[in-house]
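Undergrad: Sequence and computational prediction follow.
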Amino acid sequence: MERKSRPGLIRRMLTGLWRGVDRLRQISLNLLFIAVAVFLIAGWWASRPTPLEAGSALLVAPVGQIVEQRTSRSPMSVLQGGDGIHQVQLRDIVDGIRAAAADSRIKALVIEPDGINTVGLSKLQEIAAAIAEFRKAGKKVYVHAKHYSQSQYYLAAQADEAFMNPDGYVFLSGFARYPTYYKGLLDSLGVRMQIFRVGTYKSFVEPYTRSDMSPEDREASRGYLEAAWQIFRQDIAAARPKAADKLDAYINDANAQMAAAGGDAARMARDAGLLDGLKTADEWRDFLKARVGTDGDGKQYRHVDLAAYLAHVREAAPHPDERVGVVVAQGAIVDGDQPAGVVGGDTAALLIRQARENDAIKALVLRVDSPGGSAFASEVIRRELELTRKAGKPVIVSMSSVAASGGYWISTAADEVWASPATLTGSIGIFAMVPDLSGPMNKLGLTVDGFGTTPLAGGLDPRRPLDPKVADLLQQSIDHGYKRFLQVVAQGRRMTPEAVDPIAQGRVWLGTQAKEKGLVDKLGGLDEAVKAAAARAGLTRYDVTYVEKSLSPRDQLLTRLLDSEEESRASAAASPVDVLLANLRGELANLAHWNDPGFAYLHCLCVAP
């Protein structure tokens, strides 16, 4: 009897254990659900607009990159740690400052730019224009930072009063472009890159074929970098006249300036007129209390941060039925459907089509911040813009920091093209690049042999040397692609291909230079482009609607969960090694987006100043 009852006892024990585990699983899932629900409710409750006290200051303290559109992140990248780069949308900063300029409840603007990581000069100019509008309304702007990078100081120069910690520094260095060249590494591995290109200045392929910068690339780089630096200096001098006479000496004779200040970098900046004073964190807080006033308990100066203020103004803003739609094209242009942060040909085309078929949207603005990419995907996007114009809706392109190569191709379909003075554009050229990995395979003792029914069969297999017939086909295709590019530009700019060719050849131009060459129509930011679109559509009262790919509930939850963590990590200064490794990872990651079906790319190896 005892032996017969033992299996039954074990079965009952296992059954009980399974029920316990199942009950624990249900409890854990319920607890997780409750935690997520509480988090979402708390986030909603915290984001509700609270009463805005009259006489407040608007605090703008961006953390991370300032971008046109936030990049979507996959759950896998989060589990792997991701890059931890927080992003702030340019439109939020500009909209907040502009709204505050006309808001009687806001008496001052406080900017703390310590957390800004990456931002192009063109974006800084748009923020500066909003700050100028705020000051024109008779309101004061105050800025303070622990220290200032070049970009951070550009914003500080726009203020009525700019301060810094006594142990800080203002680092102005000018603009530079130093690509990493991989030819030595590829040669050591036995990898050959088969290059097919048209355009004397089309330098994208050079890091894979050279060990140094070509004379043509150096000439083009010097042209736009020196022009950008001149714009930067002129903007600083105009915003801060007291520093105008000493600005060049501060940079070009920095060693003597530092010696005169006894090695005190903060004093050096103050003596050069770049700052109005030096204040510790507590002195800065006391200064703001005196200028703005204190809150109810007297512990803080009276202020509202940007996110809370935007919730106020956007909830209260009227929403006219007629709209100007804005589609953002930010990142590399690749084929197919892609998340935000990458310009998917099919994704962007769908958004443009949605704007065209929306009766409330009377005009479209394409905001371009892209160095280009797939030739095929670029044409898919351009065609949708062309159809939008044929449907009777005005199309305006607004160029942000970069709108080059494929970014310029898609811009040619517009009624008007607007660029910032510091936009990088042009780079009208095309290339293809096919790797030959037979060398490193031979070193490893690996060989490839077989049979193909035609000379073209297996002709693009990277394990085998490129067949000369395939190489000839690719070069002919690239030659045709360049002629097509010239025709597209000529049609869009009302020029002849012969007139376009001398200013094409893959050369990059700054916005001011591009306007002189006839590649853009007008200089200005997104706000001016939106007004131009509204004027063409005959609109006087209108709302601005961003036509974007909607986030799934999962992605919305993911974004909320990660925002605070990314912001806290981004607020810490990155080491130079971190920055270098991040740039290298970015360059290699971009190669993964090369999916053009014809191997033809309109891409610019350029970084906006």
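TA: Looks like it arrived, so ask away.
Undergrad: going forward, measure contacts and count neighbours with C-alpha atoms only.
TA: Fine.
Undergrad: helices or strands next to the helix or strand containing residue 308 in the packing?
TA: Residue 308 belongs to helix 306-316 when elements are defined using DSSP states H and E. Counting contacts by 3 or more C-alpha pairs under 8 Å, 6 or more residues apart in numbering; DSSP states H and E, helix 306-316 packs against strand 56-60, helix 90-101.
Undergrad: For stretch 101-120, buried residues please.
TA: By neighbour count with 16 or more other C-alpha atoms under 10 Å, stretch 101-120 contains the buried residues 101, 106-117, 119-120.
Undergrad: pLDDT averaged over that stretch, what's the number?
TA: What stretch 101-120 shows for mean pLDDT is 95.
Undergrad: gap between the two ends of that stretch?
TA: End-to-end distance of stretch 101-120 (C-alpha to C-alpha, to the nearest Å): 24 Å.
Undergrad: ditto for stretch 148-161
TA: Separation of the first and last residues of stretch 148-161 by C-alpha to C-alpha is 15 Å.
Undergrad: Residue 544 in helix, strand or coil?
TA: What DSSP: H, G, I helix; E, B strand; the rest coil gives for residue 544 is strand.
Undergrad: tally of neighbours for it?
TA: 18 (other C-alpha atoms under 10 Å).
Undergrad: Strands along the stretch 351-500 of the chain, start to end?
TA: Using DSSP state E, counting those that start in this stretch, the strands of the stretch 351-500 of the chain run over 361-370, 372-374, 395-404, 416-419, 424-426, 430-436.
Undergrad: ok, and what's touching stretch 257-273?
TA: 164-170, 242-243, 246-247, 249-250, 275-278 (C-alpha atoms under 8 Å, 6 or more residues apart in numbering).
Undergrad: repeat that with 10 Å
TA: Where contact means C-alpha atoms under 10 Å, 6 or more residues apart in numbering, the residues beyond stretch 257-273 that reach it are 147, 162-171, 240-247, 249-251, 254-256, 274-278.
Undergrad: Start and end of that stretch, how far apart?
TA: Terminal residues of stretch 257-273 lie 12 Å apart, using C-alpha to C-alpha.
Undergrad: Tell me the buried residues in that stretch?
TA: 257-258, 261, 264-273.
Undergrad: Kindly report the same for stretch 472-480.
TA: Residues of stretch 472-480 classed as buried: 474-475, 477-479 (neighbour count, 16+ other C-alpha under 10 Å).
Undergrad: for the residues you listed, which one is nearest residue 453?
TA: residue 474 (20.0 Å; C-alpha to C-alpha).
Undergrad: Would you quantify the distance from that closest one to residue 371?
TA: As judged by C-alpha to C-alpha, residue 474 and residue 371 stand 23 Å apart.
Undergrad: Residue 192 too?
TA: Separation of residue 192 from residue 371 (C-alpha to C-alpha) stands at 25 Å.
Undergrad: Of these two, give the one with the bigger neighbour count.
TA: Between residue 192 and residue 371, residue 371 has the larger neighbour count (other C-alpha under 10 Å), namely 28 against 21.
Undergrad: Give the buried residues for stretch 166-179.
TA: Within stretch 166-179, the residues that count as buried by 16+ other C-alpha under 10 Å are 166, 168-172, 174-175.
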